[in-house]
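Student: based on what follows, work out the 3D shape:
(2 chains)
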Amino acid sequence: MTDTQWPRYEVFVQERPGRPHQHAGSVHAPDPEMALLNARDVFVRRPECAGLWVAPATAVHGGSAEELPQLLAAPRSQGGSPSNEYLVFAKLEERGTLTHVGEVRAAGREAALAAAQEAAGNRPPLALWVIPAERVERSLPEEAASMFDPSRHKPFRNQAFYHIQTALQRLRRDPSLIANRQSPEARR
Amino acid sequence: MRPDLRPLLADALLGLADDEMILAHRDSEWTGHAPILEEDIAFANIALDEMGHAGIWYRLVAELRGEEPDTYPDRLVFHRAPDEFRCIRMVELPKGDWAFTIVRQFLFDSAEIVRLQALGQSHHPPLAKAAAKIAIEERYHDRHLRAWVRRLGLGTEESHGKMQAALDQLWPYTGQLFEPPSSEGELVAAGSFPASEAMAAAWVEGAAATLADAGLRTQAGQPGINGGRLQHTEHLEPLLAELQSVARLEPQASW
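Tutor: From the prediction side, this is the model:
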């Protein structure tokens, strides 16, 4: 069966200004702008958010600590400019997630991954990604108010907030409360 | 504000509240059925936002009428008859296909942005404050809707055809988007409510430009109003029967 899904984009959320962007999950979208909008709706309706990045999943190079040795041993792509900028995301703790830790410049994705691994020094990451900076679509600071502020003012209410259970208990005690009523459709 | 203007402003805002409420219900009908999962979530968010805006306007109506702001909105939504609603007919129309939904939402939200900007200047401070709050969310709706309008309008022959058909069907209803409230003269003179004619002109220019950029043709001129806000399509009654069915099972229930 052919895949009829739109391309997948990885989503990175910045919870507060000054904090690093962290991997939140992925969305499908036909293009980067729609990916950014979908990411907003899927990942930042409730929690706080100050900024959003999305990048096509195909632009991500890297993997888990188990996968890294093989990726780092792979032949390097040729011909790129050594000044190409890559964003580096590393997972440093078991309970953490891939977090933006900085940038490297390299001629290709393999060299970028090697440079990122080297920069990690004696603290080898549990997972490491590099993404070409130009492939990352970012929310603009001036858009933050309309994209992210409304979610701060929306209360999240769990089920217990509503008095449905007391209403149900009353109906169970006296089922005639329901039986005597007709639906609006039935009345017509 | 002058006591004699309060009921007039309440009536004008009730129309805006009903527009949002009925459109929110139509939008909510997509929940679980939108073209893709991500858009399903996005559009459910938009439906919830519109319902929240309706709530803000209903509360203002309650305050202007001296009613209890916590309970009066529910009474208005769940216990009024169809002929007491003041929504415009565009929001009553069945949800149609995705192109119809996108075009309707774009027409409505782009008009709302123009109106909110003007309402933000209202001399009635609670109204100006509410408009500013709603406008923040509408700016995002506008971006979302423009993105869809552009992609479907310029997409394939099929998507373009469906968008143009939806626009042709909806355009005649847009005359009502800025239908002046019955007492507009007094409200405008007092600075409480903006003049509809100027808003309509600003809206039609902006909306037609966005649609043209998406390869969509609008019919020349702006259609008339064709009857006021108390005249409805045959679609409102069944919509309300469903929307009100649960609340009417147990009118005294507290939710």
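Student: quick check: end-to-end length of stretch A:64-79?
Tutor: 27 Å (CA to CA, to the nearest Å).
Student: mind listing what's buried along it?
Tutor: Residues of stretch A:64-79 classed as buried: A:68, A:71 (neighbour count, 16 or more other CB atoms under 10 Å in any protein chain shown). (Glycine included, C-beta is placed from N, CA and C.)
Student: starting at the chain centroid, how far to it?
Tutor: Using CA atoms, centre = their mean, to the nearest Å, the mean C-alpha position of stretch A:64-79 is found 24 Å from that of the whole chain.
Student: any idea of the mean pLDDT for that stretch?
Tutor: In this model, stretch A:64-79 has a mean pLDDT of 91.
Student: so what touches it?
Tutor: Outside stretch A:64-79, the residues that touch it by CB atoms under 8 Å, 6 or more residues apart in numbering or on different chains are A:61-63, A:107-111, A:113-114, A:117, A:124-128.
Student: what residues are up against the closest residue to residue B:25 other than its chain neighbours?
Tutor: The shortest distance from residue B:25 to any residue that is not its chain neighbour, by CB to CB, 6 or more residues apart in numbering or on different chains, is 5.4 Å, and that residue is residue B:243. If a contact means CB under 8 Å, 6+ apart, then residue B:243 has B:25, B:77, B:78 as its contacts.
Student: need the max-distance pair from the contacts of stretch A:64-79.
Tutor: Largest separation among the contacts of stretch A:64-79 by CB to CB: A:107 and A:126, giving 26.5 Å.
Student: which of the residues in stretch B:136-154 are buried?
Tutor: B:137-153.
Student: could you do stretch B:199-207 as well?
Tutor: Neighbour counts using 16+ other CB under 10 Å place B:199, B:200, B:202, B:203, B:204, B:207 of stretch B:199-207 among the buried residues.
Student: can you pull out the helices in chain A?
Tutor: Here chain A has its helices, by DSSP state H, at A:32-43, A:68-73, A:109-119, A:144-152, A:164-173, A:176-179, A:184-187.
Student: before we move on, back to that, before we move on, what SS does the residue nearest to residue B:25 have?
Tutor: Following DSSP: H, G, I helix; E, B strand; the rest coil, the label given to residue B:243 is helix.
Student: residues from the stretch 51-200 of chain B in reach of chain A?
Tutor: Proximity of the stretch 51-200 of chain B to chain A is confined to B:52, B:136, B:137, B:139, B:140, B:143, B:144, B:147, B:151 under the rule CB under 8 Å from any CB of the partner chain.
Student: a markdown table for those residues, including pLDDT and secondary structure?
Tutor: Rendered in a markdown table, the data for these read as follows (pLDDT from 0 to 100; DSSP: H, G, I helix; E, B strand; the rest coil):
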| residue | pLDDT | secondary structure |
| --- | --- | --- |
| B:52 | 95 | helix |
| B:136 | 91 | helix |
| B:137 | 90 | helix |
| B:139 | 92 | helix |
| B:140 | 92 | helix |
| B:143 | 94 | helix |
| B:144 | 95 | helix |
| B:147 | 97 | helix |
| B:151 | 97 | helix |
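Student: closest one of these to residue A:96?
Tutor: Of all those, residue B:140 has the smallest distance to residue A:96: 30.1 Å, by CB to CB.
Student: which ones are touching that closest one?
Tutor: In this structure, residue B:140 makes contact with A:40, A:146, A:147, A:150, judged by CB under 8 Å, 6+ apart.
Student: how about residue B:1?
Tutor: Under the criterion of CB under 8 Å, 6+ apart, the neighbours of residue B:1 are B:9, B:123, B:124, B:190, B:192.
Student: which of those residues count as buried?
Tutor: By the neighbour-count criterion of 16+ other CB under 10 Å, those include these buried positions: B:9, B:124, B:190, B:192.
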